[in-house]
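> Sharing a model prediction with you, sequence too.
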Number of protein chains: 2
Amino acid sequence: MATKTAPTLADVEAARARIAGKGVRMTPLYGSETFGRMTGREVHLKAETLQRTGSFKIRGATNKLESLTDAERKAGVVAASAGNHGQLAAAQASVEETGATFIHPFEDMDVIAGQGTIGLELAEQLPELGTVVIPIGGGGLSAGIALALRAVQPDVRIVGVQAAACAPFAGSTELGYTIAEGIAVKHPGELTSRLLDDLLETVVTVTDEEISKAIVLLMERAKLVVEGAGAASIAALLAGRVPGEGPVAAILSGGNIDPTLLIQVMRHGLTLAGRYLVVRTRVPDRPGELLKLLSLFADEHANVVSIEHHREGMDTPVTASEVEATLLTRDQEHCASILDAMERSGYPVDRLN
Amino acid sequence: MATKTAPTLADVEAARARIAGKGVRMTPLYGSETFGRMTGREVHLKAETLQRTGSFKIRGATNKLESLTDAERKAGVVAASAGNHGQLAAAQASVEETGATFIHPFEDMDVIAGQGTIGLELAEQLPELGTVVIPIGGGGLSAGIALALRAVQPDVRIVGVQAAACAPFAGSTELGYTIAEGIAVKHPGELTSRLLDDLLETVVTVTDEEISKAIVLLMERAKLVVEGAGAASIAALLAGRVPGEGPVAAILSGGNIDPTLLIQVMRHGLTLAGRYLVVRTRVPDRPGELLKLLSLFADEHANVVSIEHHREGMDTPVTASEVEATLLTRDQEHCASILDAMERSGYPVDRLN
């Protein structure tokens, strides 16, 4: 008997049966009119963000745990996620100390077969699926989905997405900071690399700026909280980097984003959309002058978030004060109209965002 | 034949068939372990946030439109949502001018029957449902769900929720500002009032503070973006105001929240959770003193969001500068430890959040 070199469709089907009773959900697939309009093709969202624990990972982990022998289970297990190298070293040390079983986040047949259950669900939910876009970290998610889909829908086009800051599958060897930390893996696995070489049509990259925009749009339009790695597939679609036409499914792999980071991303997204204006100007150092500026903002229907008023500034003459105002605005046109009104009234204008 | 005074189960079933082909979705129901743990009972989320357009309203509206005669449809329709009185007056004026049909957001048998389709879905998705919690605005959503559920699961307990700032069904006649603008309706309808008197076990109220916490938890734990009115049901559950035990379904009615408001709510929620610390202190007016304070923050592993440094302040001696620091922190304990370290180093401490 030859050694098995990849999980088979039968393995994925067995995984599906194994994890079904263990709290793993079949996640919904939504058609999105918004993203359809923006990309000119039929777009469906596979919301693994709504999976138990907020990400796809529980599929592979549960399949692995349920596949262990009694002895292995008794010795305990240690696991770490693909996006965290520090965790990964600590896990290895713990294994050496305790004799526990180490569960690799992607270089594992059972883990890959578990992630592959998403592919079986997709094929049932959208038989006319033409293209699927999958974020790639270590490659376990993409390899699993790809081999399951390829088996049941041989003609489907499979596209991988990586963050430009860390894209080994797309030929980059840098490991930069990226908002998509869930897919920031410098060394993809040997097993997953071999599978993906064979199964993927192409791998495209997206910038952190594109990912940020996708996160904000998914919140505003689809009402879903999606982490950086999870939004990469939509970012690739919106950037026009996904080849082909016709129905496409974007895998939203997870929603575990730090809320303070999410606030930054949202503020940035709203700034790009012209929903914030931060402007620096000067007012004469006389009573009533700040009030005059605030009246101008009120006349322009701009909502003041904050005003900073400094008597001293590097370029501020001794008879003037520097003012930095943050305003809530409707759109870029509204921003332009406020700046215009300020200039017409003789205020120097320095837009800071 | 007697005049019909309320939609029947048959009307709701007809509505379901009528709207199914028109893009209205059957929305998912999720069991939530987080909210289960927090409330000590089995909690399910009915995610109308994931309905097309981001709210339940399209159910009633579609059923109404599909029930119009050809002549009515030709004359055009005008609609307004329950939460917006200004819209409501403008709509009436437009009807008088154009002869269009006015679709009332809740005082309408077809609209109520349309919203009732949620009740039929719930009964199928969770046959063991014991209690359902529904936000009440004009009463169309709650009346529809209640009459459908009562017909197919007679023993179910139906609880309405209103925002404390505007709760006519709970006996309040004030119309205050509330974050739950979608259910801020001062005058509930005659038809819906009569139905709800008969169908609801009780109506409870929740404060804006409770709603804000629910919004943040739904984002962090369930990965769902939910508007104020939509989060009211979870707020009531978390506040312990929903009577009974056993499985309960919370209707998340919609997710259309302004993103700038959402950022404010998130920041507020994170502050309550100790994830932000805003502190004012003083440093001697000498080179290197600000650096010393920043080193203290670094030693305490606090991430600096912003530093404001003022040479002049009301209570600031002439030899000192006032500093206001905003820090990212882990939890309230972390905040306490930072404040403690500052005091031990002789800094005066004034926590601002």
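Thanks, I have the structure now.

> Give me the number of neighbouring residues for the residue lying closest to A:Glu227 once chain neighbours are set aside.
Distance criterion C-beta to C-beta, 6 or more residues apart in numbering or on different chains; nearest residue to A:Glu227, sequence neighbours excluded, is A:Ile257 at 4.0 Å. The way it works is simple: take the backbone N, C-alpha and C, and place the C-beta from them, glycine included. Burial of A:Ile257 is recorded as 25 neighbouring residues (other C-beta atoms under 10 Å in any protein chain shown).

> How about A:Val225?
27.

> what's the answer for A:Gly76, then?
Using other C-beta under 10 Å, the number of residues around A:Gly76 comes to 12.

> Report the distance from the host helix or strand of A:Ala325 to the chain centre.
Assigned by DSSP states H and E, A:Ala325 falls within strand A:320-328. Relative to the centre of its chain, strand A:320-328 is centred 34 Å away, using C-alpha atoms, centre = their mean, to the nearest Å.

> is chain B contacted by that strand?
Yes: with C-beta under 8 Å from any C-beta of the partner chain as the criterion, chain B is reached by strand A:320-328 at A:Leu328.

> In its sheet, which strands sit next to that strand, and in what direction?
strand A:276-284 (antiparallel), strand A:303-310 (antiparallel) (DSSP bridges).

> what residues does chain A put near chain B?
So chain A meets chain B at A:25, A:28, A:30, A:33, A:49-50, A:52, A:54, A:216, A:219-226, A:255, A:259-260, A:262-263, A:266-267, A:269-270, A:275-276, A:308, A:311-312, A:328 (C-beta under 8 Å from any C-beta).

> Kindly supply the PyMOL command isolating those of the residues you listed that are buried.
Applied in PyMOL, the following selects the buried portion of the residues of chain A next to chain B according to 16 or more other C-beta atoms under 10 Å in any protein chain shown:
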select buried, chain A and resi 25+28+30+49+50+52+54+216+219+220+221+222+223+224+225+226+255+259+260+262+263+266+267+269+270+275+276+328
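
> Out of the residues of chain A next to chain B, list just those in strands.
A:Tyr30, A:Tyr276, A:Glu308, A:Leu328 (DSSP state E).

> Can you pick out the most distant pair from those residues?
Taking C-beta to C-beta as the measure, those span a maximum distance of 43.0 Å, between A:Tyr30 and A:Glu308.

> Make CSV out of the strands paired with strand A:320-328 and add mean pLDDT and distance to B:Cys335.
Formatted as CSV, the strands paired with strand A:320-328 follow (pLDDT from 0 to 100; distance: least, C-beta to C-beta, whole Å):
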stretch, mean pLDDT, distance to B:Cys335
strand A:276-284, 91, 28
strand A:303-310, 84, 23
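
> highest average neighbour count across those strands?
strand A:276-284 (a mean of 19; mean count of other C-beta atoms under 10 Å in any protein chain shown).

> before we move on, back to that, how about the ones in strands among the residues of chain A next to chain B in a markdown table, adding distance to A:Gly230?
Formatted as a markdown table, these follow (distance: C-beta to C-beta, whole Å):
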| residue | distance to A:Gly230 |
| --- | --- |
| A:Tyr30 | 14 |
| A:Tyr276 | 25 |
| A:Glu308 | 36 |
| A:Leu328 | 28 |
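
> right, and out of those residues, which lies closest to chain B?
If you rank those by distance to chain B using C-beta to the nearest C-beta, A:Leu328 comes first, at 5.7 Å.

> what pLDDT does the residue lying closest to A:Val283 once chain neighbours are set aside get?
Using C-beta to C-beta, 6+ apart and skipping residues adjacent in sequence, the residue nearest A:Val283 is A:Glu289, 4.2 Å away. Looking at A:Glu289, its pLDDT is 89.

> wait, isn't A:Glu289 in contact with A:Arg282?
No: taking C-beta atoms under 8 Å as the definition, A:Glu289 is not a contact partner of A:Arg282, at 9.6 Å.

> got any residues that touch both of the two?
By the contact definition C-beta atoms under 8 Å, 6 or more residues apart in numbering or on different chains, A:Glu289 and A:Arg282 are jointly contacted by A:Ser321.

> Does A:Ala182 fall in a helix, a strand, or a coil region?
Check again: residue A:182 is Gly, not Ala. Recorded secondary structure, A:Gly182: helix (DSSP: H, G, I helix; E, B strand; the rest coil).

> gap between the closest residue to it other than its chain neighbours and B:Ile251?
Closest residue to A:Gly182 apart from its sequence neighbours, by C-beta to C-beta, 6+ apart: A:Ala229 at 3.2 Å. According to C-beta to C-beta, to the nearest Å, A:Ala229 stands 31 Å off from B:Ile251.

> More neighbours: the two, which one.
Per other C-beta under 10 Å, whichever of A:Ala229 and B:Ile251 has more neighbours is A:Ala229, with 30 against 27.

> Ramachandran angles for the more buried one?
Here is the backbone geometry of A:Ala229 (degrees, to the nearest 10): phi -60, psi -40.
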